[in-house]
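Enquirer: everything below, folded, please.
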Amino acid sequence: YWPDRMRQLVNATDEQVEKMREAVRIFFLNKGVHPVNGLTRENWVESNRVFAEAERDRERRGEPSMIALLSNAYYDVLDDDGDGTVDVDELKTMMKAFDVPQEAAYTFFEKADTDKSGKLERQELVHLFRKFWMEPYDPQWDGVYAY
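Expert: Numbering: from 1, shown residues only. All right, here's what the predicted structure looks like:
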């Protein structure tokens with residue numbers, strides 16, 4: 001669903017859409033979501049805990065992160081002007097693709113832009129995704145979790 005929405009919103013190429021689809025598939029398989037049967041609500045919390053531990057293990061071994069895989073697939077499409085960064089307007093596209101109010105882009109952007117450059121570098125988006133998917137709830141990041 002999300003990759004197809006990105007195609008509509010930013011004219012992503014077939015190759016980019018396929019890369020996003022594959023990243024989404026791999027990411028959610030690693031989260032324990034079965035491609036046909038999904039994941040029961042009762043198992044979601046444990047699945048997230050297991051996924052987070054596996055991500056930390058991958059990091060310790062120097063292996064690619066599933067969060068970075070997903071983040072990078074979207075980053076490549078979001079960087080619509082090709083300048084190697086994502087600005088708040090480009091981030092709004094992701095919010096729209098995820099059916100999240102575009103206003104959320106401002107909260108996400110403020111939290112993600114750790115060097116306050118006014119642009120998100122690739123690693124900043126990965127860090128934001130990592131916070132969202134792996135870290136315990138932190139009230140300081142409340143605006144990010146709310147969506």
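Enquirer: name the element the residue of the chain most remote from its centre belongs to?
Expert: Taking CA atoms, centre = their mean as the measure, the residue most remote from the mean C-alpha position of the chain is Glu42, 23.1 Å away. Using DSSP states H and E, Glu42 sits within helix 41-61.
Enquirer: what's the first helix or strand after that helix?
Expert: Where DSSP H and E defines the elements, the next helix or strand beyond helix 41-61 is helix 66-78.
Enquirer: what angle separates that following helix from helix 41-61?
Expert: 90 degrees (axes from the mean of the first three to the mean of the last three CA atoms, to 10 degrees).
Enquirer: ok, residues contacting helix 66-78?
Expert: 6, 10, 12, 16, 19-20, 22-24, 26-27, 30-31, 51, 54-55, 58, 86, 90-91, 93-94, 122, 125-126, 128-130, 133-134 (CB atoms under 8 Å, 6 or more residues apart in numbering). Bear in mind the C-beta positions are built from the backbone N, C-alpha and C, glycine included.
Enquirer: got the CA positions of that helix in PDB?
Expert: Output of helix 66-78 as PDB, limited to C-alpha atoms (Å, rounded to 0.1, in the frame of the first residue of the first chain):
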ATOM      1  CA  MET A  66      16.200  -3.700   8.900                       C
ATOM      2  CA  ILE A  67      15.100  -0.200  10.000                       C
ATOM      3  CA  ALA A  68      17.800   1.400   7.800                       C
ATOM      4  CA  LEU A  69      16.700  -0.800   4.900                       C
ATOM      5  CA  LEU A  70      13.100   0.500   5.200                       C
ATOM      6  CA  SER A  71      14.200   4.100   5.900                       C
ATOM      7  CA  ASN A  72      16.600   4.200   3.000                       C
ATOM      8  CA  ALA A  73      14.100   2.900   0.500                       C
ATOM      9  CA  TYR A  74      11.700   5.700   1.500                       C
ATOM     10  CA  TYR A  75      14.500   8.300   1.700                       C
ATOM     11  CA  ASP A  76      15.600   7.600  -1.900                       C
ATOM     12  CA  VAL A  77      12.100   8.500  -3.100                       C
ATOM     13  CA  LEU A  78      11.500  11.300  -0.700                       C
END
